[in-house]
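>>> need a structure here:
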Amino acid sequence: MADRFATTGSGCLAVAVVCLAGWVVAAETGPAPATLYLKSTMQPFEQPHAVTSYLEREFARQVEEAGAALKGSSAEITTNLNLGAGGDGFDRLRRLADGVLADQKPLKKDALRPVFLAALRLREVGKEAAALHYLLGGLVRNPWALARQLDAAELLQRAGRQAEADERIRFVLDHAECDAHYGRALLLQGKIPYSRLLPLAPLTGTGHAVVLVPAGPVDVLLLQEVRDDLAKMLAVPVLVREAGVQLPPPTRDEVAEFEERLREEMFRGLDPLDYQSTLDDLALTTNDLRDLPTARRFAGLLSERLLDWPVGKRMAQWAESRKSRQWDVETMIEALRESVKPLANPQAGYLAVTRKDLYSRGYNYLFGSAGSQYAVMSYHRFLGDFNATPPERARLRKRMRNQCISSIGLLFGIPRCQNAACPRSYPNSLQEHDRKGAELCPLCRQRFTEKFGVDGKPLDEQRAVAPDGDQF
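A predicted model of the protein is given here:
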């Protein structure tokens, strides 16, 4: 039976991984080298920004939302919106942005949208000084908008204010938890991140090895850093290899499950007249409400009519909440096994790393699961965005490293540690996960040494090189 790494909890956030176009990539060499970067010979971000037509659609949508957040006349702003420089719609957008910057009251982050939108549009038309004014003004109110920090750094560089740009780039490098922000910050430093992975190849040799395998879109630069951390801890080769893992479909949709419960509540708790009159107005029948989008629309209208009935609002809030689809951990491990099995080596342990949220029967969520030779870990719930906390790269690396080292021990039959400070101890929550230390306890270190037959010598003294396959 696979060992479980986390217990009950709730909530998750589906986070998309944004790929940076135009990255220069190179394959890793050696079993676990430090992540390398090359000096760039090109000026970063000479390529055009987003297509203007896309920007205009995005501006129109977000200006409407921003106007609603400020209780302004968003309909007036977005009607026949003309976002050309000097256009009437763009002038209204700037006035809205100026009003936000002049407002000294605490504002929600969404209220800053017109400020950042004005900056982006001004940059598009070459008015970089004005764009920088809005960017810096907005970042005073929300310094955690990392993409906008990078926009400001780029414009500061062009304005000859390199020291100020460097400060913002360092801030992003310290806190970025996704490759999109981290890679762009490196580019602004004139460095090219290596992000391409070698495909999985047959492992030949006599020693043990650990192979990290992406399962679905992952942050490759982050995974490479975790690989380096693990190699130092274990003194055995740790590889990152692409195996083309085919993700199974999600098998739990918490949004749909919640909406199903609310739909039952609607049927039980409504006055029959209110219920039937709303159905009539929408030309619906009770059977139509078995369709979830239809039920959501029905509940929304009822909420407007019955101000003391919160179910419709709760349904809308849930749809926008941090609940999302989850993947069964056993099917994820099976997908890894099917992808790796033709090339698997019995001396190696294979650990899938995914951004997808995991669960299993009896558990609301899992950080990971390990069986014989194959395991999976998810960093979905380690992200600051999921936990509604500011991002921090070092914290995320530590969480991932500790989870991986726990999985790796179980892959090789090393018992779970009972020392709460050891990275391999069992966490009942993310808080307990964070209390774990960064170094293996003496007992676990001894167990790894006995299992792998190494004594902490440098990797280049331990590895065996396979002439026709991978090395470990």
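>>> CA only for contacts and neighbour counts going forward, please
Will do.
>>> Distance check, the residue nearest to H208 when sequence neighbours are not counted against S372.
Computed as C-alpha to C-alpha, 6 or more residues apart in numbering, the closest residue to H208 that is not its neighbour in sequence is Q347, at 5.0 Å. Q347 sits at a distance of 11 Å from S372 (criterion: C-alpha to C-alpha, to the nearest Å).
>>> Looking at these two now, which is surrounded by more residues?
Neighbour count, other C-alpha atoms under 10 Å: between Q347 and S372, Q347 has more, with 17 against 13.
>>> in the stretch 201-350 of the chain, which segments are predicted with low confidence?
206, 254-275, 286, 290, 292, 296, 299-300, 302-324 (pLDDT under 70).
>>> what ranges do the strands span in it?
Assigned strands in the stretch 201-350 of the chain, in chain order: 209-214, 238-242, 252-253, 325-328, 348-354 (criterion: DSSP state E, counting those that start in this stretch).
>>> I405 contacts L230, doesn't it?
Yes - the criterion here is C-alpha atoms under 8 Å, and I405 meets it with L230 at 7.1 Å.
>>> and these two? which has more neighbours close in?
L230 (23 against 18).
>>> Find the helix or strand that the residue nearest to the more buried one when sequence neighbours are not counted is a member of.
The shortest distance from L230 to any non-neighbouring residue, by C-alpha to C-alpha, 6+ apart, is to R401 (6.6 Å). Here R401, judged by DSSP states H and E, is contained in helix 393-411.
>>> Tell me which residues are up against the helix or strand that that helix is followed by.
Using DSSP H and E, the helix or strand that follows helix 393-411 in sequence is helix 430-435. Among residues not part of helix 430-435, those counted as contacts by C-alpha atoms under 8 Å, 6 or more residues apart in numbering are 382, 399, 421, 427.
>>> before we move on, the earlier item: can you point out the buried residues in the helix holding R401?
393, 395-411 (16 or more other C-alpha atoms under 10 Å).
>>> what's the answer for stretch 182-201, then?
Buried-residue list, stretch 182-201, by 16+ other C-alpha under 10 Å: 182-198, 200-201.
>>> Ok, stretch 123-136 next?
Of the residues in stretch 123-136, those buried (16+ other C-alpha under 10 Å) are 123-124, 128-129, 131-132, 134-136.
>>> again, but for stretch 143-161
144, 146-156.
>>> what's it in contact with?
Against stretch 143-161 from outside (C-alpha under 8 Å, 6+ apart): 116, 128, 132, 135-136, 139, 162, 164-166, 168-169, 172, 176, 181, 184-185, 188, 390.
>>> Return the subset of those residues lying in helices.
116, 128, 132, 135-136, 139, 162, 164-166, 168-169, 172, 181, 184-185, 188 (DSSP state H).
>>> now the helices: where do they sit in the stretch 51-200 of the chain?
52-69, 74-78, 88-102, 113-124, 128-141, 146-158, 162-175, 179-188 (DSSP state H, counting those that start in this stretch).
>>> so can I have a markdown table of the ones you listed showing mean pLDDT?
What follows is the helices of the stretch 51-200 of the chain, written out as a markdown table (pLDDT from 0 to 100):
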| stretch | mean pLDDT |
| --- | --- |
| helix 52-69 | 44 |
| helix 74-78 | 34 |
| helix 88-102 | 85 |
| helix 113-124 | 90 |
| helix 128-141 | 95 |
| helix 146-158 | 96 |
| helix 162-175 | 97 |
| helix 179-188 | 93 |
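>>> Which of those sits closest to I333?
The closest of these to I333 is helix 179-188. By C-alpha to C-alpha, the value is 24.9 Å.
>>> for the closest one, packing partners?
helix 146-158, helix 162-175, strand 191-193, helix 220-234 (3 or more C-alpha pairs under 8 Å, 6 or more residues apart in numbering; DSSP states H and E).
>>> please redo it, this time with the cut-off set to 10 Å
strand 37-39, helix 146-158, helix 162-175, strand 191-193, helix 220-234 (3 or more C-alpha pairs under 10 Å, 6 or more residues apart in numbering; DSSP states H and E).
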